[in-house]
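> Got a sequence here, can you build the structure:
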Amino acid sequence: ESLETTQIHSVAGKINRYTSLISKRPFRSPHHTISDVALVGGGTTFMPGEICLAHNGVLFLDELPEFSKSVLETLRQPLEDRSITISRAKYNVTMPCSFMLVASMNPCPCGYHNHPTHNCACTPAQIQRYMNKISGPLMDRIDLQVEVQAVGFDDMAKAPEGESSEAIRQRVIRARKIQEERYKHEKGIHCNAQMTSALLHKYAQLDQKSSDRLRDAMHRLNLSARAYDRILKVARTIADLEGCDNIQASHIGEAIGYRNLDRGDWAEKGI
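Sure thing, here's the model as predicted:
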């Protein structure tokens, strides 16, 4: 991974003469005014885009609805295939772009929709237009959709001390080691997110109770086949974090709960 990441950054001219090998995962955070070409790559003389520079790392998009719709729609195929082919008159290039997409957004243009103390100044039509900037197919490809409610001063001041980042890091490392051992005979697969549908049937089998819970959610929330696969991957990861060999109904329920916006009426209700 380090060699692959270094090669991409070298082609883009992002490595100084004192760096021989990139040993830290890339973190890319482009501004919302970025163009399609700057995001996916290309140009008269080929240059890797932000999604390729984020390969084996994180692509962070702040204020997601502020990005142009055409830019956001270009993310759909790379998120699915973890590679992108750019065809121009003078060249045809296929680049790897296996990145973790992290995005943030406000619930409405003014930022106060459903706020406990501030009144929202946006009309329902404005809120719906704002939310509709993110298409359903793109939202379908986001595994975790988490709403963060506004926290008052008293709650922040009296908040108990939580789990340390180091403890969380160690738990994640243990889960990744479990996954590395699980997929050691699967070529090109190193973690749950990379599982194919065939591997899901092999490594993410459900008992009757878990299957019933997922079936109920599929019908009740009108979820897609893609959402079904992604819920299984998240549930498998939750089980790994808890050190469980098998996926339990509680893991399925938690994975479903992380898809707050993945439903037919999400644009109408807002966050």
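
> and Leu59, what element?
strand 58-61 (DSSP states H and E).

> CA atoms of that strand as CSV?
Extracted in CSV, the C-alpha atoms of strand 58-61 (Å, rounded to 0.1, in the frame of the first residue of the first chain):
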residue,chain,number,x,y,z
VAL,A,58,-9.3,9.4,3.7
LEU,A,59,-11.1,11.8,1.4
PHE,A,60,-12.9,14.4,3.6
LEU,A,61,-15.7,16.5,2.0
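
> just checking, what packs against it?
strand 27-28, strand 100-103 (3 or more CB pairs under 8 Å, 6 or more residues apart in numbering; DSSP states H and E). Any C-beta I mention is one placed from the backbone N, CA and C, and that applies to glycine too.

> Including mean pLDDT, distance to Tyr112 and mean neighbour count, could those go into CSV?
Shown next, in CSV, are these (pLDDT from 0 to 100; distance: least, CB to CB, whole Å; neighbours: other CB atoms under 10 Å):
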stretch, mean pLDDT, distance to Tyr112, mean neighbour count
strand 27-28, 96, 30, 16
strand 100-103, 95, 20, 16
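
> Enumerate the positions of the strand holding Leu59 that are buried.
For strand 58-61, the neighbour count (16 or more other CB atoms under 10 Å) marks Leu59, Phe60, Leu61 as buried.

> swap in stretch 104-123?
Met105, Pro107, Cys108, Pro109, Cys110, Tyr112, His113, Cys120, Cys122.

> Stretch 235-243 now?
Applying 16+ other CB under 10 Å to stretch 235-243 flags Ala235, Arg236, Thr237, Ile238, Ala239, Asp240, Leu241 as buried.

> Convert the C-alpha atoms of the helix or strand hosting the fifth one to PDB, please.
Element membership of Ala239 [criterion: DSSP H and E] is helix 225-241. Output in PDB follows, covering the C-alpha atoms of helix 225-241 (Å, rounded to 0.1, in the frame of the first residue of the first chain):
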ATOM      1  CA  ALA A 225     -29.800  -4.400  -2.600                       C
ATOM      2  CA  ARG A 226     -26.700  -2.200  -2.200                       C
ATOM      3  CA  ALA A 227     -27.900  -1.100   1.300                       C
ATOM      4  CA  TYR A 228     -28.400  -4.800   2.200                       C
ATOM      5  CA  ASP A 229     -24.800  -5.600   1.400                       C
ATOM      6  CA  ARG A 230     -23.500  -2.600   3.200                       C
ATOM      7  CA  ILE A 231     -25.500  -3.300   6.300                       C
ATOM      8  CA  LEU A 232     -24.000  -6.800   6.400                       C
ATOM      9  CA  LYS A 233     -20.500  -5.400   6.100                       C
ATOM     10  CA  VAL A 234     -21.100  -2.900   8.900                       C
ATOM     11  CA  ALA A 235     -22.700  -5.600  11.100                       C
ATOM     12  CA  ARG A 236     -19.700  -7.900  10.400                       C
ATOM     13  CA  THR A 237     -17.400  -5.100  11.500                       C
ATOM     14  CA  ILE A 238     -19.400  -4.400  14.700                       C
ATOM     15  CA  ALA A 239     -19.100  -8.100  15.600                       C
ATOM     16  CA  ASP A 240     -15.400  -8.000  15.000                       C
ATOM     17  CA  LEU A 241     -15.000  -5.000  17.300                       C
END
